[in-house]
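have a look; sequence and predicted model below, questions after that.
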Amino acid sequence: MKTVVLLSGGLDSTTALAQAIRQGHDCTALTFLYGQNHAAREVEAAGQIAARYGVEQRIVELPDLFGGSALTGTGELPERAADAPDASVVPGRNLMMVAAGAAYADGIGAGTVVFAANKDDEAGYADCRKDFVLPLRDAVQAGTAHRVWLHTPFLHSTKAEIVQTAMLLGVPIALTWSCYRGGDEPCGRCGACLVRAAAGA
């Protein structure tokens, strides 16, 4: 089955890609530019992962609509995990990514879009919550000619459980990039780094 995986180069989306491949899906990876500060490092990681798994990577530049976030240059990055919406929220980002992924999938006759939202992101990010994902799944299926299915394999999984899955699948965790800052090494202080460390990755 043709499948489109939304691949940021982070641990969650990389594990979702590895799982889809293990299940026999013919995957294409979409990596998005949305004005994020760490774009170069994220795209580099996603490219290395796509190459490792031998899948095509398409880089998609989204419209310049994502203001009001520390990830796109407005304000300071919080140095804690997001247990409520904070400055790291990028308004509408996942909505735009899923819509773009569904449109691309429909155009190439792919039956599935994989989106790696997880349980630990629910508190801080409204567009990772079940009450966002489930209606969106229905909308994607109803609004695509090929009835594209929005697959969210980790919607009920914690980051620690995703790490366990990654290890079982032999995911190259060292290639993944989660840090919201785009340096040579992860900062170890932003929310993404802290959550990842707490999960044992």
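Looks like it arrived, so ask away. Numbering: from 1, shown residues only.

name the helices or strands packed onto the helix or strand of the chain with the lowest mean pLDDT?
Sorted by mean pLDDT, DSSP states H and E, the helices and strands of the chain end with helix 191-198, the least confident at a mean of 92. Contacts defined by 3 or more C-beta pairs under 8 Å, 6 or more residues apart in numbering; DSSP states H and E place helix 191-198 against helix 159-169. For the C-beta atoms, the positions are set from N, CA and C on the backbone; glycine is no exception.

and the helix it packs on, which residues are buried?
For helix 159-169, a neighbour-count test (16 or more other C-beta atoms under 10 Å) marks 159, 162-163, 165-166 as buried.

what does stretch 42-51 give?
Going by neighbour count (16+ other C-beta under 10 Å), the buried part of stretch 42-51 is 42-43, 45-50.

which among those residues gets closest to Gly101?
Nearest to Gly101, judged by C-beta to C-beta, of those is Ala46 at 13.8 Å.

about what we covered before: any chance of the buried residues of stretch 42-51 in CSV, plus distance to Asp131?
Output for these, formatted as CSV (distance: C-beta to C-beta, whole Å):
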residue, distance to Asp131
Glu42, 27
Val43, 31
Ala45, 30
Ala46, 28
Gly47, 33
Gln48, 34
Ile49, 30
Ala50, 31
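
all strands of the chain, in order?
For the chain, applying DSSP state E gives strands covering 2-6, 26-33, 56-61, 112-114, 149-151.

on that earlier part again, then the least confident helix or strand of the chain to PDB, C-alphas only?
The C-alpha trace of helix 191-198 is given here as PDB (Å, rounded to 0.1, in the frame of the first residue of the first chain):
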ATOM      1  CA  GLY A 191      10.900  21.100  26.200                       C
ATOM      2  CA  ALA A 192      11.500  18.700  23.400                       C
ATOM      3  CA  CYS A 193      14.900  17.800  24.700                       C
ATOM      4  CA  LEU A 194      13.600  17.300  28.200                       C
ATOM      5  CA  VAL A 195      10.700  15.100  27.200                       C
ATOM      6  CA  ARG A 196      13.000  13.000  25.100                       C
ATOM      7  CA  ALA A 197      15.600  12.600  27.900                       C
ATOM      8  CA  ALA A 198      12.800  11.600  30.400                       C
END
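
can you give me the helices for the chain?
Listed in chain order, the helices of the chain (DSSP state H) span residues 11-22, 39-53, 93-108, 130-142, 159-169, 191-198.

nearest to Glu76, out of these?
When those are compared by C-beta to C-beta, helix 191-198 sits nearest Glu76, at 12.0 Å.

just the residues contacting that closest one, thanks.
With contacts defined as C-beta atoms under 8 Å, 6 or more residues apart in numbering, helix 191-198 is touched by 10-11, 77-82, 86, 88, 120, 124, 159-160, 178-180, 186-188.

then stretch 47-54?
For stretch 47-54, contacts defined as C-beta under 8 Å, 6+ apart pick out 7, 9, 14, 17-18, 21, 27, 29, 31, 56-57, 172, 175-176.
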